[in-house]
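Participant: Model the following, please.
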Amino acid sequence: MPENNPQQGDDQLEHIDDILSKVTGDYNANQIQVLEGLEAVRLRPGMYVGDNGKRGLHQLFKEVLDNSVDESLAGYCTSIVVTRHLDNSLEVVDNGRGIPVDMHEKMGVSALQVVMTVLHAGGKFGGGGYKTSGGLHGVGVSCTNALSEWLLATVRRNGNIYQQRYEKGIPQTEVQIIGKAEETGTSIHWLADPTVLNEVEYDMHILRTRMRELAYLNPRTRFEIIDLQDDANNEVYHFQRGIPQLVEDLNEGKDVLHGVIFFKRIRESTEVEVALQYHDGYNQTLLAFSNNIHNPDGGTHVSGFNTALTRVVNAYAKRMNYLKEKDSNFTSDDITDGLTAVISLRLENPSYNSQDKVKLVTPEVQGLTN
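Facilitator: Below you'll find the model as predicted:
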């Protein structure tokens, strides 16, 4: 019977560990890679748009659409039209002010090219172009450009029509004047790049749902979707009564207990709108938005609202003697049974947990909805 040698076993384990953990080759300055321009977006799209599949594909659409909606927030855009073309490209057209096209002093090229090709470039950093906006980091439309096989940006501004074409984020032309225009606005037309995205077929339900919710949040703006592949998807959204109308539509077919309660509060540069209505069921529906961005994971505006609603209902129940002194207070779960509510917040410099903005983390707004 062979003799057991613990030292020999330890030596073997150490040898195996060396093989598994060591990388062959030199590690020096030549191995440090620097990704320039939009290369990083194409190499790691998930860091910028969530993933390189269905979610990322539709995030490209949302980033472009949100730029147009920011023009609506700023008070300049009253019409947004989204078209799906036969080649599966998408086009978003608005009648806002139009992306600036004059020479950018620092970058030495047109401001349009800067917006479309430079990360963290945009009018959302306190330069006075926007008071509140959904765009935050200035990476949205440039990411769409980077992850597109081609993109055509057309701007109506200064009495002219300007245009520039890009392929995989790289300008193929200068910003050119191609005609005259009496109106203003921007058109972004792009084809998603299948070499970096695993999914390039749009789900029209996702597009329509996003446009519909934006129409409730922006009652002065008309949203239209045109599908050249299937005209059954063509639709116009224009809800002039805003989020109270959204709550009514969410409760359609349910036995509601009262009319929609709506209130607005403004504190300095922050504005919050809340619409709510109870029905006789137990399901809760709470939609939260900040600067037109849907926050499915909620955030500080939602936690503040839940705290305030629970406090108010408990205070009312005690005052009306529905709750006796010995009774326990209602919890937040008790209060939200059968509740349908929409929170729409507009604020400067919001903070989110990620680029896709699923959760608001700005601490100051908790007191506004509380």
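Participant: Which residue ranges of the stretch 151-300 of the chain form helices?
Facilitator: 204-217, 243-250, 300-319 (DSSP state H, counting those that start in this stretch).
Participant: Now tabulate these in a markdown table and tack on distance to D231 and mean pLDDT.
Facilitator: (Each C-beta comes from the backbone N, C-alpha and C, glycine too.) Conversion of the helices of the stretch 151-300 of the chain to a markdown table gives the following (distance: least, CB to CB, whole Å; pLDDT from 0 to 100):
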| stretch | distance to D231 | mean pLDDT |
| --- | --- | --- |
| helix 204-217 | 11 | 94 |
| helix 243-250 | 24 | 96 |
| helix 300-319 | 38 | 92 |
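Participant: Including mean neighbour count and distance to S344, could these go into TSV?
Facilitator: Formatted as TSV, the helices of the stretch 151-300 of the chain follow (neighbours: other CB atoms under 10 Å; distance: least, CB to CB, whole Å):
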stretch	mean neighbour count	distance to S344
helix 204-217	19	6
helix 243-250	20	6
helix 300-319	17	9
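Participant: Out of these, which is closest to S142?
Facilitator: helix 204-217 (20.1 Å; CB to CB).
Participant: just to revisit the earlier point, can you lay out the helices of the stretch 151-300 of the chain as CSV showing distance to T340?
Facilitator: Listed next are the helices of the stretch 151-300 of the chain as CSV, based on distance: least, CB to CB, whole Å:
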stretch, distance to T340
helix 204-217, 13
helix 243-250, 5
helix 300-319, 13
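Participant: right, and these - which one's nearest E149?
Facilitator: Going by CB to CB, the one of the helices of the stretch 151-300 of the chain nearest E149 is helix 204-217, 19.1 Å.
Participant: for that closest one, packing partners?
Facilitator: Using 3 or more CB pairs under 8 Å, 6 or more residues apart in numbering; DSSP states H and E, the elements in contact with helix 204-217 are helix 54-73, strand 79-84, strand 222-227, strand 235-237, helix 243-250, strand 285-290.
Participant: Could you look over those and pick the most buried one?
Facilitator: helix 54-73 (a mean of 23; mean count of other CB atoms under 10 Å).
Participant: send the alpha carbons of that one over as CSV?
Facilitator: Extracted as CSV, the C-alpha positions of helix 54-73 are listed here (Å, rounded to 0.1, in the frame of the first residue of the first chain):
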residue,chain,number,x,y,z
LYS,A,54,-34.1,43.2,-27.3
ARG,A,55,-33.8,45.6,-24.4
GLY,A,56,-30.8,47.4,-25.9
LEU,A,57,-32.5,47.6,-29.3
HIS,A,58,-35.5,49.4,-27.9
GLN,A,59,-33.3,51.6,-25.7
LEU,A,60,-31.9,53.1,-28.9
PHE,A,61,-35.4,54.1,-29.8
LYS,A,62,-36.2,55.5,-26.4
GLU,A,63,-33.0,57.6,-26.3
VAL,A,64,-33.9,59.3,-29.6
LEU,A,65,-37.5,59.7,-28.7
ASP,A,66,-36.6,61.2,-25.3
ASN,A,67,-34.6,63.9,-27.0
SER,A,68,-37.6,65.0,-28.9
VAL,A,69,-39.7,64.8,-25.7
ASP,A,70,-37.2,67.1,-24.0
GLU,A,71,-38.1,69.7,-26.6
SER,A,72,-41.7,69.3,-25.5
LEU,A,73,-40.6,69.7,-21.9
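Participant: can you list the domains in this protein?
Facilitator: 39-237, 243-369 (automatic domain parsing).
Participant: Out of those domains, indicate the one that is most buried.
Facilitator: Across these, averaging neighbours per residue (mean count of other CB under 10 Å) puts domain 39-237 on top, at a mean of 18.
Participant: Would you mind measuring the gap between the ends of that one?
Facilitator: 37 Å (CA to CA, to the nearest Å).
Participant: ok so, going back, closest to H258 out of the helices and strands packed on helix 204-217?
Facilitator: Proximity to H258 (CB to CB) singles out helix 243-250 among the helices and strands packed on helix 204-217, at 11.4 Å.
Participant: pull the CA atoms of that closest one into CSV?
Facilitator: Provided in CSV are the C-alpha atoms of helix 243-250 (Å, rounded to 0.1, in the frame of the first residue of the first chain):
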residue,chain,number,x,y,z
ILE,A,243,-52.3,61.9,-16.1
PRO,A,244,-55.9,62.0,-14.7
GLN,A,245,-57.0,60.6,-18.0
LEU,A,246,-54.3,57.9,-17.7
VAL,A,247,-55.6,56.9,-14.3
GLU,A,248,-59.1,56.7,-15.7
ASP,A,249,-58.0,54.5,-18.6
LEU,A,250,-56.0,52.2,-16.3
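Participant: Can you tell me, leaving aside adjacent residues, what's nearest to K359?
Facilitator: Spatially, and ignoring its direct neighbours in sequence, K359 is nearest to D297 (3.8 Å; CB to CB, 6 or more residues apart in numbering).
Participant: With Q176 as the reference, measure out to that neighbour.
Facilitator: 43 Å (CB to CB, to the nearest Å).
Participant: Next: Y322.
Facilitator: Distance of Y322 to Q176, given as CB to CB: 70 Å.
Participant: Provide the partner residues of the nearest residue to Q172 once chain neighbours are set aside in its beta bridges.
Facilitator: Spatially, and ignoring its direct neighbours in sequence, Q172 is nearest to R165 (4.6 Å; CB to CB, 6+ apart). Beta-bridge pairing for R165 (DSSP bridges): L152.
Participant: ok, R165 touching E149?
Facilitator: No - contact criterion CB atoms under 8 Å: R165 and E149 do not qualify, at 11.6 Å.
Participant: Was I right to think the residue nearest to K359 contacts V358?
Facilitator: Yes - contact criterion CB under 8 Å: D297 and V358 qualify, at 4.6 Å.
Participant: ranges for the strands of the stretch 101-250 of the chain?
Facilitator: 148-157, 160-167, 170-171, 176-180, 185-192, 222-227, 235-237 (DSSP state E, counting those that start in this stretch).
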